[in-house]
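# Model the following, please.
(2 chains)
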Amino acid sequence: MEGSKPKLKLAVYWASACGGCSVSVLDVHEKLFDVIANADFVFWPLALDIKYKDVEEMPDNYIDVTLFNGAVRNSENEHMANLLRKKSKILVAYGSCSHLGGIPGLANFSTKEDIFRRVYEESESTINTEKIRPLSEYKVKEGLLEIPVFYNDVRSLSQTVEVDYFIPGCPPQTERLLEVFGAIVSGAELPPKGSVIGAGTRSQCDECIRKKTENKQIKKFYRPWEISDDGETCFMEQGVICMGPATREGCGYRCIKGNAPCRGCYGPTPGVTDPGTKMMSAIASIIDEKEPEEINRVIDDIVDPAGLFYRFSLPVSLIRRKLS
Amino acid sequence: MRRITIDPITRLEGHGKIEIFLNDDGEVDNVYFQVPELRGFEKFCEGRPVEELPAIVAKICGVCPGCHHMASGKAVDAVFGVEPPPTAKKLRELFYMAHFVHSHTANFYALAAPDFVLGPDAPASKRNILGVIEKVGKEIGTEVIKQRRLAQEIQALLGGHQTFVVMNIPGGVRRGLSVKERDDIVEKAKGFVEFAKFSLNVFQDFVLDNKQYVDIILNGPYSLKLHSMGLVDVNNKVNFYDGKVRVVDTEGKELYKYSPTEYLDYVAEHVEPWTYLKFPYLKKIGWKGFTEGQNSGVYQATPLSRLNAADGMATPLAQKEYERMYSTLGGKPVHATLAMHWARLVELLYSAERCLELARDNDITGKELRAQLGPIPGEGVGIVEAQRGTLTHHYFTDNKGIVIKVNLIVGTTNNHAAISMSIKKAAAGLIKKGVEVTAGTLNMIEMAFRAYDPCFSCATHSLPGEMPMILEIRDAKGELTQRVVRN
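Reported below is the predicted structural model:
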């Protein structure tokens, strides 16, 4: 509207992602109309006919807020991260992949070569005697065809460009996004750069309604199918590893409501950089054994600890990736 | 040589890109449909405990996570060598029917209806879900949103997490259904049946009663003669959750019928250097390139091919609609790409009826939710029908259930070759020497792949708009000669 406060210019972009974050933005349902009343979407490949080229032509800092979802997996993801950084006043890493590397980040347990060999050569259904691999540039008889370069590493957004805020979750709860949006629109003072927003500051356990006792004592850890979950008691107290203690609150303990233990998509609690380290200390504190070999026996019950503790965060963890 | 690029066409494991090459006469020489992204789930699932896979692989797609969760849950059961108890199996299928009601509703009203209710040449600004609502009435729009929401509520109740379902555990499900919850689902499912019948009436009124549209469906550049794949039950009726995979040839004769464990004898995948996505084909015929007809190894796995591959529908109202569709379109099999929309509505009615049937089943509120587990045999295949095609998950583990290898053939992937060919055929039929390429042309080309409801379109389901597109035509030197932008 002329004369009134100018509308916010918003952009939404996905990189290496599954679409779940985009769905979470759409899940604002009828509130989309409130959003549209206060903001214009200037770039959203999912919804709008605005292309990469149009973004390149925008002046720097033209976009007020960009929600960037997905990890940085290939050259196109990286190009768009750089471009949107330049064009945006506020760049938000939206969702686990962008925030921490996410599920696609588990690929850092292997290399590009491992992945290509499995997918294009060794997969049981693939017949590829000539060992053809997708190439970033390939000349067909009609001309040159291009696809992005697949990198060896998966990176989070902040490992690629400077990020102003992080909204965690796989995907983020839509209500949290609306709260953040409301704060920006109202002109409220924003938290310091680099903050996690749209989530709480306590751990998932503080939010969870499952019954807990103060003195957890574990003599053995079980895999989820080895116990008969009573649907009420804290998973850790039943001996099933739950990432709750090392995970930031904010999701509404949605998996736990489905009787599944937390897997940590909201990322580490404030002040914790590495969820695995935090999880190990949480586990150590509840093992009801004194002798080192007994403690080791209990810990050995935990299968695939790296894949569990870093389920959503391998690229930003201390381990970061497989070395060769 | 001139060149037309359509990029991006929105997601399919990322983004999609279409390159159309024209010869010196301005006619279509070749078309390349490229998928520029790979994430490598097959590799990074290795080393994980197999019970974690149903939740991990759900992240392959944030729009149809339920399909991966179900195929994975079944593969995991097989790894443990168990079958879930009847209650668990029925709860999974009940969830899955709600998933289909939700997805097929969204696809028809948001993606398919704009082309037919408003017409393929309608102004782009009108040719969207809002335009549809404007034409058919606001009450109907509200009803669409409501029914979709109710289907989502059933999924959230049974599945836990609202997007990424966490229902399956080896040998069963994590959560049962109370009598009160069941009664609520029965009421919702009754509504789905009425809504599906209503949707078929909308299709009758706006599409079938319009000679021009029927002509486009039957005689437009949208027909592809390929083999058809789909999951069938013991009576050869369509089933989404369980059964054998049946393949019929271009004439409708049964070629193969195989159990999930036998899939490697029947399906293989071909690799091209210009796309990250592979091309599945019928192994016994072999990869013969992007060719149509009885000798081609290319097949389709779509709502229409599911109906072609089966002998009918397992529920009474859907069966009637099935018969009506084939008698109107001149008998089985049907190869008109755009008839997929009709087939999808027949499936919507089946999903709704099956949802009601399952909700009324006495077993559904049973207390036995998980099978007893024993030693772990360590290999399992799970196959379901995803909305967008037959979905196969194959896992190998050690005797502790730690994953050694994973193989996946994903819904839309089945149709990679077919989609490429449909685009080429539509482009060749529409781009002619001396005929100006317009935004309408672009939409008509897009209709060829929109019919598949390919995964890159699923994210646009609930959006008031359509896939963004730019069409660029370049001359032999790569100079831009024409640029068409859809508003």
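
# Quick check: buried residues in stretch B:418-438?
B:418-431, B:437 (16 or more other C-beta atoms under 10 Å in any protein chain shown). Just so you know, the C-beta spots here come from the backbone N, C-alpha and C atoms, and that holds for glycine as well.

# ugh, wrong one, stretch B:132-143
Here stretch B:132-143 shows B:132-133, B:136, B:140-141, B:143 as buried, counting by 16+ other C-beta under 10 Å.

# Same check on stretch A:253-272?
Those would be A:253-269, A:272, for stretch A:253-272 by 16+ other C-beta under 10 Å.

# Considering the buried residues of stretch B:132-143, which is situated nearest to residue B:191?
residue B:143 (9.3 Å; C-beta to C-beta).

# What residues does that closest one make contact with?
Contact analysis of residue B:143 by C-beta atoms under 8 Å, 6 or more residues apart in numbering or on different chains lists B:195, B:198.

# Mind telling me what element it is part of?
Assigned by DSSP states H and E, residue B:143 falls within helix B:138-159.

# And the residue of chain A found nearest chain B, how far from residue A:224?
Here chain A gets closest to chain B at one residue, residue A:258, 1.5 Å apart by C-beta to the nearest C-beta. In this structure, residue A:258 and residue A:224 are 12 Å apart, going by C-beta to C-beta, to the nearest Å.

# looking at it, residue A:88 is touching residue A:9, isn't it?
No: with contacts counted by C-beta atoms under 8 Å, residue A:88 stays clear of residue A:9, the gap being 9.1 Å.

# remind me which residues of chain A are low pLDDT?
Counting by pLDDT under 70, chain A shows low-confidence ranges at A:1-5, A:26, A:28-33, A:45-51, A:324.

# switch the cut-off to 50
Applying pLDDT under 50 to chain A flags the ranges A:1-3, A:49.

# Show me the residue sitting in the middle of it in space.
The structure's chain A has its C-alpha centroid closest to residue A:96; by C-alpha atoms, centre = their mean the separation is 1.0 Å.

# cool, chain B as well?
Central residue of chain B (C-alpha atoms, centre = their mean): residue B:388, 1.2 Å from the mean position.

# Chain neighbours aside, what residue packs nearest to that one?
Spatial nearest neighbour of residue B:388, chain neighbours left out: residue B:411 (3.8 Å); criterion: C-beta to C-beta, 6 or more residues apart in numbering or on different chains.

# Now do the contacts for the one you found.
Residue B:411 sits in contact with B:64, B:67, B:301, B:386-391, B:455, where contact means C-beta under 8 Å, 6+ apart.

# From those residues, pick the one nearest chain A.
For the contacts of residue B:411, the closest approach to chain A (C-beta to the nearest C-beta) belongs to residue B:455, at 8.0 Å.

# What's the nearest residue in the stretch 301-450 of chain B when you look at chain A?
Relative to chain A, the nearest point of the stretch 301-450 of chain B is residue B:407 (4.6 Å; C-beta to the nearest C-beta).

# Flag every residue of the stretch 151-300 of chain A that's near chain B.
Taking C-beta under 8 Å from any C-beta of the partner chain as the contact definition, the stretch 151-300 of chain A meets chain B at A:170-171, A:223-225, A:228-229, A:231, A:254-255, A:257-260, A:263.

# Could you check how sure the model is about stretch B:86-99, as an average pLDDT?
The pLDDT scores in stretch B:86-99 average 97.

# Apologies, that question was intended for stretch B:115-128.
Averaging pLDDT along stretch B:115-128 yields 70.

# Can you give me the domain boundaries for the chain?
Here I'm looking at chain A. Chain A resolves into domains spanning A:8-103+A:152-196, A:112-151, A:204-316 when parsed by automatic domain parsing.

# that answer is for a different chain, and I need it for chain B
B:2-37+B:436-485, B:83-223+B:336-371.

# where among those domains is the average confidence lowest?
Ranked by mean pLDDT, the domains of chain B end with domain B:2-37+B:436-485 in last place, scoring a mean of 64.

# I'd assumed residue B:251 was in contact with residue B:294.
Yes: using C-beta under 8 Å, residue B:294 is in contact with residue B:251, at 7.2 Å.

# Where does chain B get nearest to chain A, residue-wise?
For chain B, C-beta to the nearest C-beta, closest residue to chain A: residue B:160, 1.5 Å.

# From residue A:214, how far off is that residue?
For residue B:160, the distance to residue A:214 (C-beta to C-beta) stands at 28 Å.
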